[in-house]
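In: Following is a predicted model, sequence given first.
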Amino acid sequence: MRKLLLLVVLAAPFVAAAADRSQPPLFFREDWTETPPNLPVTDADLTNKDLTVSRWGPGGSVIKKSFHDNKPEDPYYIWSGLCPGTWAVSLRKKGAMVDLRAGKVRWRSKQAGFRELRIVVQTADGKWMVSDQSDGPADDWRVREFVLADVRWRALDIEKVTEGAWVKAPDLSRVAEVGFTDLTVGGRSAACSRLDWIEVYGVAVSGNTSD
């Protein structure tokens, strides 16, 4: 028994170190302000004032921060239901980029219809990519975690918000923006994407400090 206890004590630092490596630090979290709905979502809707939000695509101008005070426990969330075209939302941390080579993205969302919410990133060279992994429809809000080492990426035309070819050996060492899209139009409540909050985990690296 004493030998077993000694082994546990000796192994504890290594277990802790492994746990630390598996969970990179939180780079940012966004949970949207508890203020009236806004169409479209803007920087005024951000709880994290170190961030800026951008809307993309032919449907980006009607991405909404939504809320229903007649629904118990309804969160403040981003809603794509009114988008007449493809859309994307991205978040950028002022003055910093993030190394996502060992990174993770977590969010709480609820899709309807056949909508599949995906991660979008912009790398330091200005190129955009969209993830192969996605978060599909659900009857209730749920949390999904993406381990980015397991994700494959396609090129993304951010103006049209359409995917392109597979990206070989993508460089995630300096990522400027992180966001989300379902690559399609909104169909009101029956066919839409909803995002309550998003967390990005990775190591901060120097970025544009002019902001």
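Out: Arrived safely, thanks for sending. Numbering: from 1, shown residues only.

In: Name the residues linked to the residue nearest in space to the middle of the chain by a beta bridge.
Out: The centroid of the chain falls nearest to Gly179 when counting by Cα atoms, centre = their mean (4.4 Å). In this structure, Gly179 bridges to Ser90, Val120 when assessed by DSSP bridges.

In: For the chain, which segments are assigned as helices?
Out: Along the chain, counting by DSSP state H, helices occupy 2-22.

In: Can you give me the pLDDT of the closest residue to Val143 other than its chain neighbours?
Out: Nearest residue to Val143, sequence neighbours excluded (Cβ to Cβ, 6 or more residues apart in numbering): Arg108, at 5.0 Å. (Glycine included, C-beta is placed from N, CA and C.) For Arg108, the model assigns a pLDDT of 99.

In: what's the distance between the residue nearest to the centre of the chain and Pro72?
Out: 29 Å (Cβ to Cβ, to the nearest Å).

In: again with Gly95
Out: Distance, Gly95 to Pro72, by Cβ to Cβ: 39 Å.

In: Between the two, which is the more surrounded one?
Out: Gly95 (13 against 6; other Cβ atoms under 10 Å).

In: so what's the backbone phi/psi at the more buried one?
Out: Per-residue torsions, Gly95: phi 80, psi 10 (degrees, to the nearest 10).

In: begin at 23 from here
Out: Done: numbering now begins at 23, and the last item shifts to Gly117.

In: Isn't it up against Ala226?
Out: No. Taking contacts as Cβ atoms under 8 Å, Gly117 lies outside contact range of Ala226: 9.6 Å.

In: Could you give the number of residues near Asp121?
Out: Residues near Asp121, counting by other Cβ under 10 Å: 16.

In: show me the contacts for the nearest residue to it once chain neighbours are set aside.
Out: With sequence-adjacent residues excluded and distances taken as Cβ to Cβ, 6+ apart, Asp121 is closest to Val225, at 4.3 Å. Counting by Cβ atoms under 8 Å, 6 or more residues apart in numbering, Val225 makes contact with 46-47, 49, 120-121, 124-125.

In: in this structure, which spans are strands?
Out: For the chain, the strands defined by DSSP state E cover 48-52, 73-78, 86-88, 99-101, 110-115, 118-131, 139-145, 150-157, 164-169, 175-179, 184-188, 197-203, 216-228.
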